[in-house]
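**Student:** pasting a predicted model and its sequence here:
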Amino acid sequence: MKYFPLVLMGLWRRPARTIFTLVSIFAAFVLFGTLQGIDSSFSQLVDRGRLNVLVTRNPAGLPLPIAAESQIAAVPGVAAVIYRSQLIGYYQSLRNIVVGLPVDPNSFFRFNPEFILPADQLAAFARIRTGAVVTPSLAQRLHWKVGDHVPFHALSGLKKDGTADWTFDIVGIFDALGNPVREQPLLLLNFSYFDAARATDNGTVQLYSEKIADASKSADIATAIDNLFANSAYHTQTETEKASMQSLLAQIGDLDFFVDAIVGAAFFTLLLVTGNTMMQSFRERLEEFAVMKALGFTDLGISAIVMSEAVTLCATAALAGLCIARLLLPILSRAAGGQIPGIHLPLSVFLGGLSASIVMAAASALPAAWRAKRLSVIEALAGY
Amino acid sequence: MNVVRQIVAVVAMNLRSLPQHLGASVVVVIGVAGVVGVLICVLAMGVGFARTVAGTGRSDRVIILASGALTESMSSVPREAVLNIIHVPGIEKDAGGRPIAAAEVLAQIQRPRHGGVKRVNVTIRGVGIAEPLLRPEIHLISGRMFNPGLQELIVGRSAEIEYGGLNMGDRVPFQNGSWLVVGIFDSAVGNIHDSEIMTDADTLRSALKRSWFHSVTARLERSDSFEQVKKSLTDDPSLHVEVHRESEYFAAQSRGLSTLLKFIGYFVGGVMGVGALFGALNTLYAAVSSRAIEIATLRAIGFGAAAVTISVLAEALTLALVGGLLGSVVAWMFFNGHAVSMISGGQNQLAFSLFVTPSLIFVGIAWACLIGFVGGLFPAIRAARLPIAIALRDAA
């Protein structure tokens, strides 16, 4: 530690070069943080998937009959069942596309206790047929508040009156503290009203969710549910919420290949840039290192100083880059309309990035450190 | 003339000495190559996607959706409306006087992504018996057409390659049935149908127990019958449909994701470009300071500041250009035609290939030149401003 000022002075010997290298590394870590942040936000979504919640849907994408609810509820081991449908539409302009989820108000909030809706608002939601509740992020984005009548133009199907225009009354705002869902633009609607008013698919839901008492029995219970409908037109596929999130993510496709390729290309370049800087700065200071050795610094001590310079440089730049990525991600997420929930830079990526920067620094400083160790005092001073 | 000769002389001298500081030069070349390679690949993904989607539409076809529906999968057209729609004047008739039009229905089949265990949703499209006349670009490359009424499928070539268990003769479990793959088709132009599975619309509809269709696609008598068809259909108050020229519909469908890919390409290319730019600045400043004596000598024997400035810029541009070409060649050789599969328009997969066009190579090279120019400019100015006397005295 007492040699740290020496390390800093070594770095600051040519401020321009140090700053340029810093910016290069910084850029690479902004990229690393942004891309890995998005990637791991997706995998965190899977981690949040519950093992004691099952999801039942038709693999061909067909709606399931509402009558299945009581059949599913009767399956041994199923503690609670909820369903939901889907209404895609927009508010005012196509820039504000929102996916509405028609649900049964009471059972939905009983099933998901992490969603907090004041009791009077829940009562209003259950009572008022045209009622709707939203997440704070959606309310904020569309400037909705409790008491508003909001027109909603549906894109995914007509009403019985031949129009696609719905009006909903915002009766509540629900939150989920510490859950990325609160960043999502969620709009919950009354299923009974939605189902009665729509022109097609009446009496059907998009999917069922079941809460099971014993998570270790999930496979058996899933099979039992699927067996109920095995020979009907609406045969089902039941899996845990976690597996369901996983298959949802698999749909995104081959993006992870590109994330890895880009980060790889950026880091490889970086290795060259830092290695080059370290070598340049080392060559300039051959005599200084020789003098230090003559004064009694050990071979390893000199190598350690060279190494520490690289690590300080890389870690500083990486820290700055990761911080910027952390600030950038919510902005990018908002620019994407918040459709992808909870995009942020997790601590694991942050620490992973920092360790990567240290490994990279060590790798790039290796040639210079090696030569510093082998440096012969006499030759270096004679050259001077 | 004198100035030009000076410039040529100094530039030539600089370029000839490049191999002597190979290490530092390689940093610039590889740095720029990485930026250009990544930029071109991501943009090529956008181009490949846009060509595949937009290439599906033809101006002599129309697609009819429920009014307000953004995509086929969001649309629903009641069965009773179909006859009214396809008999509207302006729609082409076949030899037997039947309209060349079909009401189609979509669903999804879960298939493993090739070589993996992850299951993805592949579109299955129920088409009409007029299919060969309606979409003449689609032709079977092996096997035969499906028989209406039987659970038989024909599979697009990209779907066969990208997703598992869709080869000739395979049995595909779907909706309580076991559907037989009887043919493989190809659209020649590489459009979205190549990622799809097709079967008879009524067979599919009965397996799905659906009473309605998603969309109606029809051939126009003449390309300019569009307005006539559109007017008759939208004026009919019982229909609630809207009519799009197919080419315009698919062009609009491709816009969202290709804009996003363009944004990602330029964002990543921009951030990486900043990194490479500062790497280049470093290298060239170092090159200028290591050559201080050489530059001062040149100035002392009468070479002008312009010649020195341009020589440094030329060095930077050469390195960047070599990097840009290297990146382009790598992107083109390894990733042109590279097949990817992604979610598109709803929940289903679209397989398409990266498409490296000459204009993308041009963008990449321009990006490289920009990095080279900015990265060389400041060191070049430094070189021109080098105080001659001091540089020479320090040398002594």
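**Tutor:** Yep, that arrived.

**Student:** check which helices and strands the one helix or strand in chain A whose mean pLDDT sits lowest sits against.
**Tutor:** Within chain A, no helix or strand scores below helix A:377-383, which has a mean of 76 by mean pLDDT, DSSP states H and E. Packed against helix A:377-383 by the contact rule (3 or more C-beta pairs under 8 Å, 6 or more residues apart in numbering or on different chains; DSSP states H and E) you find helix A:286-295. To be clear about C-beta, it is placed using only N, CA and C from the backbone, and glycine gets the same treatment.

**Student:** so does the helix it packs on get close to chain B?
**Tutor:** No: between helix A:286-295 and chain B, judged by C-beta under 8 Å from any C-beta of the partner chain, nothing touches; the nearest distance is 14.4 Å.

**Student:** before we move on, the earlier item: report the distance from the least confident helix or strand of chain A to the chain centre.
**Tutor:** With C-alpha atoms, centre = their mean, to the nearest Å as the basis, helix A:377-383 stands 56 Å off its chain's centre.

**Student:** same check on stretch A:319-328?
**Tutor:** 15 Å.

**Student:** contacts for the least confident helix or strand of chain A, please.
**Tutor:** A:Leu286, A:Glu287, A:Phe289, A:Ala290, A:Val291, A:Lys293, A:Ala294 (C-beta atoms under 8 Å, 6 or more residues apart in numbering or on different chains).

**Student:** next, count neighbours for the third one.
**Tutor:** Right, A:Phe289. 21 (other C-beta atoms under 10 Å in any protein chain shown).

**Student:** and it, what does it touch?
**Tutor:** A:Phe282, A:Ile302, A:Ala372, A:Leu375, A:Ala380.

**Student:** and of these, the nearest to B:Leu277?
**Tutor:** B:Leu277 lies nearest to A:Phe282 out of these, by C-beta to C-beta, at 23.8 Å.

**Student:** three-state assignment of the closest one?
**Tutor:** Under DSSP: H, G, I helix; E, B strand; the rest coil, the three-state class of A:Phe282 is helix.

**Student:** for it, which non-adjacent residue is closest in space?
**Tutor:** What sits nearest to A:Phe282 in space, not counting adjacent residues and going by C-beta to C-beta, 6 or more residues apart in numbering or on different chains, is A:Ala368, at 4.1 Å.

**Student:** what about that neighbour, which helix or strand?
**Tutor:** If you go by DSSP states H and E, A:Ala368 is part of helix A:347-374.

**Student:** what packs against that helix?
**Tutor:** Using 3+ C-beta pairs under 8 Å, 6+ apart: helix A:347-374 touches helix A:15-48, helix A:255-284, helix A:299-335.

**Student:** could you measure from the residue nearest to A:Phe282 over to A:Pro15?
**Tutor:** A:Ala368 sits 19 Å away from A:Pro15, going by C-beta to C-beta, to the nearest Å.

**Student:** same thing with A:Leu117?
**Tutor:** 57 Å.

**Student:** neighbour-wise, which of those two wins?
**Tutor:** Legend: neighbour count by other C-beta under 10 Å for A:Leu117 and A:Pro15, higher for A:Leu117 (22 against 9).

**Student:** and the helix holding A:Ala368, how far out from the chain's middle?
**Tutor:** 27 Å.

**Student:** near chain A, which residues of the stretch 251-396 of chain B show up?
**Tutor:** So the stretch 251-396 of chain B meets chain A at B:268, B:271-272, B:274-276, B:278-279, B:281-283, B:285-286, B:340-343, B:347, B:349 (C-beta under 8 Å from any C-beta).

**Student:** mind giving me the PyMOL select for these, buried ones only?
**Tutor:** Applying 16 or more other C-beta atoms under 10 Å in any protein chain shown to those, the buried members can be selected in PyMOL as follows:
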select buried, chain B and resi 268+271+272+274+275+276+278+279+281+282+283+285+286+340+341+342+343+349
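
**Student:** quick one, what contacts residue 134?
**Tutor:** Let's take chain A. A:Trp144, A:Ile170, A:Gly172, A:Ile173, A:Phe174, A:Pro185, A:Leu186, A:Leu187, A:Leu188.

**Student:** that answer is for a different chain, and I need it for chain B
**Tutor:** For B:Leu134, the contacting residues are B:Arg61, B:Ile100, B:Ala101, B:Ala102, B:Val127, B:Gly128, B:Thr217, B:Ala218, B:Arg219, by C-beta under 8 Å, 6+ apart.

**Student:** which of the three states applies to A:Pro102?
**Tutor:** Once three-state DSSP is applied, A:Pro102 turns out strand.

**Student:** show me what contacts it?
**Tutor:** Contacts of A:Pro102 by C-beta under 8 Å, 6+ apart are A:Arg84, A:Ser85, A:Gln86, A:Leu87, A:Leu188, A:Leu189, A:Asn190, A:Phe191, A:Tyr193, A:Phe194, A:Asp195.

**Student:** now do A:Val53
**Tutor:** A:Ser209, A:Glu210, A:Lys211, A:Ile212, A:Thr240, A:Glu241.

**Student:** out of these, which comes closest to B:Cys369?
**Tutor:** So of these, ranked by how close each gets to B:Cys369 (C-beta to C-beta), first place is A:Glu241, at 51.4 Å.

**Student:** how close does that closest one sit to chain B?
**Tutor:** For A:Glu241, the distance to chain B equals 16 Å [C-beta to the nearest C-beta, to the nearest Å].

**Student:** can you give me the pLDDT of that residue?
**Tutor:** Note on A:Glu241: pLDDT of 90.

**Student:** what's the spacing between it and A:Leu45?
**Tutor:** In terms of C-beta to C-beta, A:Glu241 sits 11 Å off from A:Leu45.

**Student:** which non-adjacent residue is nearest B:Arg113?
**Tutor:** Using C-beta to C-beta, 6+ apart, the nearest residue to B:Arg113 is B:Val120, at 5.2 Å.

**Student:** from the recorded domain assignment, give the ranges for chain B.
**Tutor:** B:2-54+B:254-395, B:68-239 (automatic domain parsing).

**Student:** now do chain A
**Tutor:** A:4-46+A:253-383, A:50-250.

**Student:** I'd like these as JSON lines, with distance to B:Ser67 appended.
**Tutor:** Listed next are the domains of chain A as JSON lines, based on distance: least, C-beta to C-beta, whole Å:
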{"stretch": "domain A:4-46+A:253-383", "distance to B:Ser67": "24"}
{"stretch": "domain A:50-250", "distance to B:Ser67": "7"}
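
**Student:** of those, which is nearest B:Ala251?
**Tutor:** domain A:50-250 (16.3 Å).

**Student:** what's the pLDDT at the residue lying closest to A:Ser308 once chain neighbours are set aside?
**Tutor:** Distances taken as C-beta to C-beta, 6+ apart place A:Val7 nearest to A:Ser308, at 4.7 Å, with adjacent residues excluded. Model confidence at A:Val7, given as pLDDT, is 84.

**Student:** what angle do whatever helix or strand A:Val7 lives in and helix A:299-335 make?
**Tutor:** Using DSSP H and E, A:Val7 sits within helix A:4-11. Between helix A:4-11 and helix A:299-335, the angle comes out at 70 degrees (axes from the mean of the first three to the mean of the last three C-alpha atoms, to 10 degrees).

**Student:** show me what from the stretch 201-350 of chain A comes close to chain B.
**Tutor:** Within the stretch 201-350 of chain A, the positions near chain B by C-beta under 8 Å from any C-beta are A:230-231, A:233-235, A:246-247, A:250-255, A:257-258, A:261-262, A:265-266, A:268-270, A:272-273, A:276-277, A:279-280.

**Student:** and those, which are buried?
**Tutor:** A:234-235, A:246-247, A:250-251, A:253, A:255, A:258, A:262, A:265-266, A:269-270, A:272-273, A:276-277, A:279-280.

**Student:** before we move on, the earlier item: can the contacts of helix A:377-383 go into TSV with extra columns for pLDDT?
**Tutor:** Formatted as TSV, these follow (pLDDT from 0 to 100):
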residue	pLDDT
A:Leu286	81
A:Glu287	82
A:Phe289	84
A:Ala290	86
A:Val291	87
A:Lys293	86
A:Ala294	87
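
**Student:** and the buried ones among these, selectable in ChimeraX?
**Tutor:** Only the buried entries of the contacts of helix A:377-383 go into this ChimeraX selection, using 16+ other C-beta under 10 Å:
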select /A:286,289,290,293
